[in-house]
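Engineer: task: produce atomic coordinates for the following.
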Amino acid sequence: MKRLRIGIVGFGFIGPHHLDAIRRLGFAEVTGIATISADDARQRAAQYHIPTAYATWQELVADPTIEVVDIATPTVLHCPIAVAAARAGKHVIVDKPMALTSAEARQMLAAARRAGVVHAVTFSIRYNVMLQQARALIARGDLGDMRLASGHYWQEWLLRDTDFNWRLEPEQGGALGMVSDAGAHWYDLVQHLTGRRIVRVLADLARFISVRQRPCGNGQTADYQVRVPDLGLILCEFDNGARGLFSTGAISAGHKNDLTIEVCGSQASVRWQQERPDELWVGHRDQPNQTWVKDPPLLDPTVRPLAALPGGHYEAWSDAFRNLMRNILTFIAEGRDPRESNGSTFATFSTGLNVACIVDAIAASAKTGGRWTKVRP
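Structural biologist: Numbering: from 1, shown residues only. Model (predicted):
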């Protein structure tokens with residue numbers, strides 16, 4: 001495979017993790033970054049031994065030596081950078097959620113298709129080893145007919161009114177806050193695991209902290225009127241008539257990064273928890289329940305390549321991110337046609353648009369006071 005040259009735009013929390021995942025692959029290198037300023041980019045480039053620091057993201061996109069643009073900025077910048085990168089003939093990777101709105105997501109998908117470039121969204125949680133094992137069990141029929149999917153994504157980092165982050169600003173992170181940001185992972189994951197589409201939703205959104213203390217420099221804060229929900233409760237219906245129940249928010253004390261998903265079928269159930277990533281619970285009626293612990297020889301043959309370590313050696317969030325980046329960048333390095341990607345090897349902009357449409361339906365349902373609302377295809 002050819003050695004890929006990648007530029008990362010944005011280097012806050014998630015950018016260094018993109019860098020780490022790419023460097024672990026061996027056949028791709030990050031040759032440049034652009035961040036919030038030229039000075040910051042220079043400092044980060046020196047700190048992480050990245051050859052080039054760009055003054056602006058426009059300079060990075062225009063560099064003819066960059067083959068892949070990896071966007072790790074706040075959501076507000078995803079669309080303009082992705083569209084510009086596609087027009088420049090660059091392959092594009094975008095952190096989730098893909099866009100502020102479904103209209104932006106459509107614009108990004110159209111630009112990527114016109115340019116004929118590979119396009120991907122970093123729904124990395126998919127590629128935890130035991131989640132892929134759950135997907136294999138569902139695909140081969142071990143659970144029987146799907147009836148119910150349930151779960152939550154609970155965190156605690158917005159528990160107090162002194163907690164603040166750009167995701168609370170609709171202009172930066174979207175109108176639904178955690179319901180669209182963290183929730184995007186679950187909406188993608190439940191469809192990826194089951195092979196079913198969410199077709200209707202019923203949503204109740206709540207805000208418990210209406211005024212937060214926003215940092216304004218020099219250790220000072222100012223009152224900030226919150227316009228996004230703190231909590232989302234969502235019912236959903238799948239294209240086979242199965243039902244789903246999901247909740248999300250960052251106001252649950254003690255829940256550090258608690259994404260949980262369970263699928264119940266006519267024969268068995270399966271549950272995975274992000275805070276216990278190497279375990280998979282399988283529930284039965286006529287035999288003892290099981291807790292599988294990752295051990296490569298016992299995995300489905302399609303899943304074994306994702307396990308980089310032997311049993312007893314835990315693999316988790318950063319390893320799932322590496323698995324995703326390997327899938328995306330191998331696809332690019334092999335020169336494969338973007339039209340060949342069906343969304344299972346990695347999430348494409350089509351996947352991101354689907355999730356954006358689900359978020360649209362959630363917002364519309366909440367505005368009606370909680371009525372069932374169809375997801376626009």
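Engineer: can we go C-alpha only for contacts and neighbour counts from here?
Structural biologist: Fine.
Engineer: what's the local residue count around Tyr224?
Structural biologist: 16 (other CA atoms under 10 Å).
Engineer: helix or strand for it, which one?
Structural biologist: strand 220-225 (DSSP states H and E).
Engineer: correct me, but Ile125 touches Phe321?
Structural biologist: Yes: between Ile125 and Phe321 there is a contact under CA atoms under 8 Å: 7.2 Å.
Engineer: shaky segments in this protein?
Structural biologist: 1 (pLDDT under 70).
Engineer: pull out the buried positions in the strand holding Tyr224.
Structural biologist: Across strand 220-225, burial judged by 16 or more other CA atoms under 10 Å covers Tyr224.
Engineer: now swap in stretch 197-209 and tell me
Structural biologist: 197-205, 209.
Engineer: next secondary structure element downstream of the strand or helix carrying Ala41?
Structural biologist: For Ala41, the host element (DSSP H and E) is helix 38-48. The C-terminal neighbour of helix 38-48 among helices and strands, as given by DSSP H and E, is strand 52-54.
Engineer: put the alpha carbons of the next helix or strand after that following strand into PDB.
Structural biologist: As assigned by DSSP H and E, the chain's next helix or strand after strand 52-54 is helix 57-62. Listed next in PDB are the C-alpha coordinates belonging to helix 57-62 (Å, rounded to 0.1, in the frame of the first residue of the first chain):
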ATOM      1  CA  TRP A  57      -7.200  25.300   7.700                       C
ATOM      2  CA  GLN A  58      -7.400  26.800   4.200                       C
ATOM      3  CA  GLU A  59      -3.700  26.600   3.800                       C
ATOM      4  CA  LEU A  60      -3.700  22.900   4.900                       C
ATOM      5  CA  VAL A  61      -6.500  22.100   2.400                       C
ATOM      6  CA  ALA A  62      -4.700  23.800  -0.400                       C
END
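Engineer: where along this protein do the helices fall?
Structural biologist: 15-23, 38-48, 57-62, 78-87, 102-115, 129-139, 170-173, 181-194, 317-333, 349-367 (DSSP state H).
Engineer: gap between the helix holding Ala41 and the chain center?
Structural biologist: 26 Å (CA atoms, centre = their mean, to the nearest Å).
Engineer: who touches that helix?
Structural biologist: 11, 32-35, 50-56 (CA atoms under 8 Å, 6 or more residues apart in numbering).
Engineer: so how far is Asp295 from the closest residue to Leu299 other than its chain neighbours?
Structural biologist: Nearest non-adjacent residue to Leu299, counting by CA to CA, 6 or more residues apart in numbering: Gln133, 6.6 Å away. Distance of Gln133 to Asp295, computed by CA to CA, to the nearest Å: 11 Å.
Engineer: quick one: which of those two has more around it?
Structural biologist: More neighbours surround Gln133 than the other of Gln133 and Asp295, with 23 against 19 (other CA under 10 Å).
Engineer: hmm, Pro301 and the more buried one touching each other?
Structural biologist: No: using CA under 8 Å as the test, Gln133 is too far from Pro301 to be in contact (9.5 Å).
Engineer: residues contacting Leu231?
Structural biologist: Leu231 makes contact with 178-179, 205-207, 247-251, according to CA under 8 Å, 6+ apart.
Engineer: contact partners for the nearest residue to it once chain neighbours are set aside?
Structural biologist: Distance criterion CA to CA, 6+ apart; nearest residue to Leu231, sequence neighbours excluded, is Gly249 at 4.6 Å. Gly249 is in contact with 153-155, 178-179, 230-232, counting by CA under 8 Å, 6+ apart.
Engineer: Gly283 now?
Structural biologist: For Gly283, the contact set (CA under 8 Å, 6+ apart) comprises 268-270, 289-290.
Engineer: ok so, going back, just the ones of the buried residues of stretch 197-209 in strands?
Structural biologist: 198-205 (DSSP state E).
Engineer: which of these sits closest to Asp278?
Structural biologist: Asp278 has its nearest neighbour among those in Ile198, at 27.2 Å by CA to CA.
Engineer: the closest one and Leu235 touch, don't they?
Structural biologist: No: using CA under 8 Å, Ile198 is not in contact with Leu235; the gap is 10.1 Å.
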